[in-house]
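**Student:** Return atomic coordinates for the entry below.
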Amino acid sequence: MKVRIRLFATLRERAGTDEVELELPEHARVRDALALLRTITSDLPVVMAVNREYANEDAVLRAGDELALIPPVSGGAAVHARVTDKPIALDPLLDLVRDPAAGAVVTFLGVTREVEMLEYEAYVEMAETQMGEIVSEALERHGLCAAAVEHRIGTVPLSEPSVVVAASAPHRGEAFAGAREIIDRVKAQAPIWKKESGDWVPGSTPQV
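**Tutor:** Numbers count the residues shown, from 1 in each chain. Below you'll find the model as predicted:
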C-alpha cells in the first residue's frame, strides 16, 4: 500500500522535497514508516500526525493515509520526551521550550530527598511513547508553545533530579497548568518504578 509522507522545515531540506511516497505492507504502523525515513529524521525529535491528527508510533497506517513528520518548531522542540541513565540538566530543556510567543516558562524538578539515593527502572520504549503522548496532549489542551520532560533511570543520588519538566506558554496560567498536568500524568501513567532503601515504592495501576 502507498502512504503519503509530508515533511517540513529541516526535514524538507534534508530530503530535498516536501513530500515522499512510501510503499508499505498492509497493517504497517507509523514506526515502520519511521524506520524507512531514519536517514532523514536521524537526531531530530519528531511529532507524528496521521491525517492531521497526532499519532504515536503504534498507530496503524492504511492505504492513502497522510503521515506528517513535524520537527522542532522555531525557538524549541514542541514536544520532547526522553528517558536517560545520565544526569539531567535543566538548561537544555529550557532551550528546547524557548519560543518568541512565550511570555512564561515554568519548570519542575523532582529531586531525591531524605535518602542517600533512589533507584529507578523503566520500560524505556513504552515510557518514552507514553511521555510523548502526555506532553502532546498537554500542549494542545493548555495552548502551550512547547513542552519537554526527561526522566532519569538507574541510581539518582541525594538532591539530584530524577525528573524534569519544562513548559512555555503565552501566559503563566497555561504554563503552570501544562507543567502540572505533565508531571502528574507521567507519575501516574509512565511505566517507571522507584526503589527506596531496597524496596519498591508502591504506585498506582495505570488506567487502560
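**Student:** contacts, neighbours, all on C-alpha from now
**Tutor:** OK.
**Student:** helix/strand/coil for Val106?
**Tutor:** Taken by DSSP: H, G, I helix; E, B strand; the rest coil, the conformation at Val106 corresponds to strand.
**Student:** these two touch, right, it and Ala177?
**Tutor:** No. If you go by C-alpha atoms under 8 Å, Val106 and Ala177 don't touch, sitting 9.3 Å apart.
**Student:** So for these two, which residue has more residues nearby?
**Tutor:** Val106 (21 against 17; other C-alpha atoms under 10 Å).
**Student:** Contacts only, for that one.
**Tutor:** Residues in contact with Val106 (C-alpha atoms under 8 Å, 6 or more residues apart in numbering) are Ala166, Ala167, Ser168, Arg172, Ala175, Phe176, Ala179.
**Student:** mean confidence for the host helix or strand of Ile40?
**Tutor:** In the assignment (DSSP states H and E), Ile40 maps to helix 38-41. On average, the pLDDT along helix 38-41 is 87.
**Student:** And for stretch 190-208?
**Tutor:** Taken as a whole, stretch 190-208 has a mean pLDDT of 77.
**Student:** Now for Thr41, how many residues are close by?
**Tutor:** For Thr41, the neighbour count with other C-alpha under 10 Å is 20.
**Student:** next one: Arg82
**Tutor:** 17.
**Student:** Begin at 898, not 1, for the rest of this chat.
**Tutor:** With the count now opening at 898, the last piece we talked about shows up as Arg979.
**Student:** partner residues bridging it?
**Tutor:** Glu1047 (DSSP bridges).
**Student:** Domain boundaries for this protein, per the record?
**Tutor:** Structural domains assigned to the chain are 899-967, 976-1096, following automatic domain parsing.
**Student:** Pick the most buried one from those domains.
**Tutor:** Greatest average neighbour count among these goes to domain 976-1096 (a mean of 19), per mean count of other C-alpha atoms under 10 Å.
**Student:** separation between Asp988 and Thr981?
**Tutor:** Using C-alpha to C-alpha, to the nearest Å, Asp988 is found at 16 Å from Thr981.
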